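> whatever this is, show me its structure:
(one chain, ligands or ions: 2)
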Amino acid sequence: MSLQIEIDRISFGYESSSLLFEEFSLSLVGGSSVALVGESGSGKSTLLNLIAGLEIPNSGSIKVFNTRLDTLSSAELNIYRRDRLGFIFQTFHLIPHLTVLQNIMVPGLLTDDSFSNIEKKAIELLRVLRLDKRKGALPANLSGGEKQRTCIARALMNDPSIILADEPTGNLDQLNTTTVIDSLLDRCKLRNVTLIIATHSPTIADKMDTSITISNQRIVPV
Ligand SMILES: Nc1ncnc2c1ncn2[C@@H]1O[C@H](COP(=O)(O)OP(=O)(O)O)[C@@H](O)[C@H]1O
Ligand SMILES: [Mg+2]
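Ligands and ions are numbered 1, 2, ... in the order given. Presented below is the predicted three-dimensional model:
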């Protein structure tokens, strides 16, 4: 199986603060799922941002599909994020004046795909995430769980090869948590997608192939 993500001895800290990661390495093959656990502030969101190319390590390298992210221009990084990544943000980042359906369609509209294809895919995602009845609602009128599921549907719009999910079920009830996690795991297995999920839930961590704890700038084997 081919490696999709190779993190090789990276060190990273935000300006003026101590290092969050020091000589940190992690390799993931396509179709694998990993839970990132670790207390608040340990660097789970930061690691997802590094893999998304939103932050660049101080040293070491991150390769995705054999390409070092620090060699890409900002335009190339945008294409990488558009075509390969589905990012489920902890704080959603929905566009306030667009409806649920329109928010889900946004990543599709950045590609060359036809409007009708994009709409068809978005409607299917509405169904999978049980959002059919809310498709015309604006983000301000959604519950936390509905916002989260809209963000998840949007992340799946362009059939990503890598899904980065930042505490994606924090606002969901049991039924929706199960629906979301199972549909993300189905994608791993059926479409060879790599899933990296930051979570505090031991139940979710148990469902992933592996679980790593971020602590003291290292990974702690389970
Ligand atoms: N943009 C930023 N600038 C400076 N410090 C940050 C920034 N983002 C996060 N941090 C700090 O980095 C540490 C790790 O944060 P984060 O990756 O969000 O942890 P987690 O997701 O595990 O809770 C925290 O101490 C946080 O305050
Ligand atoms: Mg976080």
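> please count neighbours and contacts with C-alpha atoms only from this point.
OK.
> do you know how far residue 29 is from residue 57?
Relative to residue 57, residue 29 is positioned 21 Å away (Cα to Cα, to the nearest Å).
> more neighbours: which of these two?
More neighbours surround residue 57 than the other of residue 29 and residue 57, with 21 against 16 (other Cα atoms under 10 Å).
> isn't residue 148 right up against residue 171?
Yes - contact criterion Cα atoms under 8 Å: residue 148 and residue 171 qualify, at 6.9 Å.
> tell me which of these two has more neighbours.
Ranked by neighbour count (other Cα under 10 Å), residue 148 and residue 171 place residue 148 first, with 26 against 17.
> shouldn't the more buried one be within a helix?
Yes - judged by DSSP: H, G, I helix; E, B strand; the rest coil, residue 148 forms part of a helix.
> look up the closest residue to it, ignoring the ones flanking it.
residue 92 (6.2 Å; Cα to Cα, 6 or more residues apart in numbering).
> wasn't that neighbour part of a helix?
No - counting by three-state DSSP, residue 92 is not part of a helix but coil.
> OK, contacts around it?
147, 148, 151 (Cα atoms under 8 Å, 6 or more residues apart in numbering).
> can you count the residues close to the first one?
Burial of residue 147, expressed as a neighbour count using other Cα under 10 Å, amounts to 23.
> that one is in contact with residue 139, isn't it?
Yes - at 6.5 Å, residue 147 counts as touching residue 139 under the criterion of Cα under 8 Å.
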